[in-house]
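**Q** give me a model of this one.
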Amino acid sequence: MPRSSTYEVVLDAGLFTPTQLQATAVGRLGFQAGTRWMRDHVGSHRTLVTRHRVGFVLWAWELEYDNTLRFVDADEARVDVRARVRGPRSSQLEVETTISGPAGVAARTRAASVPLRLAGDRALSGTPAGLPEKLVAAFRDDENERSPHRSQVPALRAELERNGERLTPDPTDLPTFRVHRHHCEVADQWYWAESIGFAGGAREECVRRHGRSTPELRRALAEGIRRIDAMWLRSGQLWDLLQVRTTAYRHGADIAFVHELGLAEDDGGGPHAIVVERT
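**A** Residues are numbered from 1 along each chain as shown. All right, here's what the predicted structure looks like:
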């Protein structure tokens, strides 16, 4: 059976919206959970970076909210996390996390990261590479999956564009966000969970602008988000000025928001991330 790490976290008001755990908080708790599993069973994040010259860059993330967990419901939550390597050359690390309260699992996430061979500089620059064999050997047979993780974002976005009913016009005067140091990790690149927050902020701006003419959009604020699928194509750097292009769709019973995050001054390199939120 794949190994797990289980522990409790104390809940504070800063982790919540009025209706649920904040998505950025879930992202941070999930990243901490994956880091803890690696420390418990393979090696600490610090050791991997400093001794083995191995880093990880997040590529795809899924969040699904299940049972209700609000600030008034509990003093602590239980975190359960498992991890495995994926791909024919151990080219991905996949981490699955659940956060549970009194009513059961409140949020579940799946994160797929790409290992990097680090150059050894302060910026932690690196190139994609399979995990070294001595690290792969620390995973059990049932923690090694030859098929790769595949992001749902491209197919989901295509489905919304093809079969969804668009609810908002082409956006103008796009929301912008500057990447400041409190948005970054140690190498002065954005901490990926903050980009989930940028997308959430763009959704709120979209509802503020169009909620009067399209009242059903307000549900995304009143009731919260049920599902998030995100894919990162390149990271934001310290001082980058980002803009978020948001389009809202009706798709069956869902309202969906597609956010494309990129530089305010396009450098021709394409978007940094695509985030799809669904009610």
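**Q** can we go C-alpha only for contacts and neighbour counts from here?
**A** Will do.
**Q** so who does residue 21 touch?
**A** Applying C-alpha atoms under 8 Å, 6 or more residues apart in numbering to residue 21 gives the contacts 15, 69-70.
**Q** report the beta-bridge partner residues of it.
**A** Counting by DSSP bridges, residue 21 forms beta bridges with residue 16.
**Q** what's the pLDDT at it?
**A** pLDDT for residue 21: 98.
**Q** re earlier: let me have the contacts of residue 21 in CSV, extended by distance to residue 148, pLDDT and neighbour count.
**A** Listed next are these as CSV, based on distance: C-alpha to C-alpha, whole Å; pLDDT from 0 to 100; neighbours: other C-alpha atoms under 10 Å:
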residue, distance to residue 148, pLDDT, neighbour count
15, 32, 98, 17
69, 32, 97, 23
70, 35, 97, 19
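**Q** from these, pick the one nearest residue 200.
**A** Ranked by distance to residue 200 (C-alpha to C-alpha), these are led by residue 15 at 14.6 Å.
**Q** from what I can see the closest one touches residue 25, true?
**A** Yes. Residue 15 is within contact range of residue 25, at 5.5 Å (criterion: C-alpha atoms under 8 Å).
**Q** circling back: just send the contacts of residue 21 back as JSON lines, with distance to residue 218 too.
**A** JSON lines is the format used below for these (distance: C-alpha to C-alpha, whole Å):
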{"residue": "15", "distance to residue 218": "22"}
{"residue": "69", "distance to residue 218": "21"}
{"residue": "70", "distance to residue 218": "20"}
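**Q** and the residues you listed, which is closest to residue 182?
**A** Looking across these and measuring by C-alpha to C-alpha, the closest to residue 182 is residue 15, at 16.6 Å.
**Q** and the closest one, what is it in contact with?
**A** Residues in contact with residue 15 (C-alpha under 8 Å, 6+ apart) are 21-22, 25.
**Q** would you map the strands across this protein?
**A** Using DSSP state E, the strands of the chain run over 4-10, 54-65, 76-86, 92-101, 104-118, 126-128, 144-145, 165-166, 176-178, 227-232, 241-251, 254-263, 273-278.
**Q** what pairs with the longest one, and is each one parallel or antiparallel?
**A** Partner strands and pairing direction for strand 104-118 (DSSP bridges) are strand 54-65 (antiparallel), strand 92-101 (antiparallel), strand 126-128 (antiparallel).
**Q** so how far is residue 275 from the residue most central in space within the chain?
**A** The residue lying closest to the centre of the chain (C-alpha atoms, centre = their mean) is residue 61, at 4.3 Å. Remark: distance between residue 61 and residue 275 (C-alpha to C-alpha, to the nearest Å) = 9 Å.
**Q** over to residue 57?
**A** Noted for residue 57: a distance of 17 Å to residue 275, by C-alpha to C-alpha.
**Q** what about residue 185, how many neighbours?
**A** Neighbour count for residue 185, taken as other C-alpha atoms under 10 Å: 12.
**Q** OK, contacts around the closest residue to it other than its chain neighbours?
**A** Nearest residue to residue 185 in three dimensions, chain neighbours excluded: residue 191, at 5.2 Å (C-alpha to C-alpha, 6 or more residues apart in numbering). Residues near residue 191 by C-alpha under 8 Å, 6+ apart: 183-185.
**Q** quick one: pLDDT of the spatially closest residue to residue 123 that is not a sequence neighbour?
**A** In this structure, residue 123 finds its nearest non-sequential neighbour in residue 187, 4.8 Å apart by C-alpha to C-alpha, 6+ apart. At residue 187, the pLDDT value in this model is 91.
**Q** neighbours around residue 187, how many?
**A** Here the number of neighbours of residue 187 (other C-alpha under 10 Å) works out to 15.
**Q** equivalent analysis for the one 3 residues further on, please.
**A** Here the count is done by other C-alpha under 10 Å, and residue 190 has 22 residues near it.
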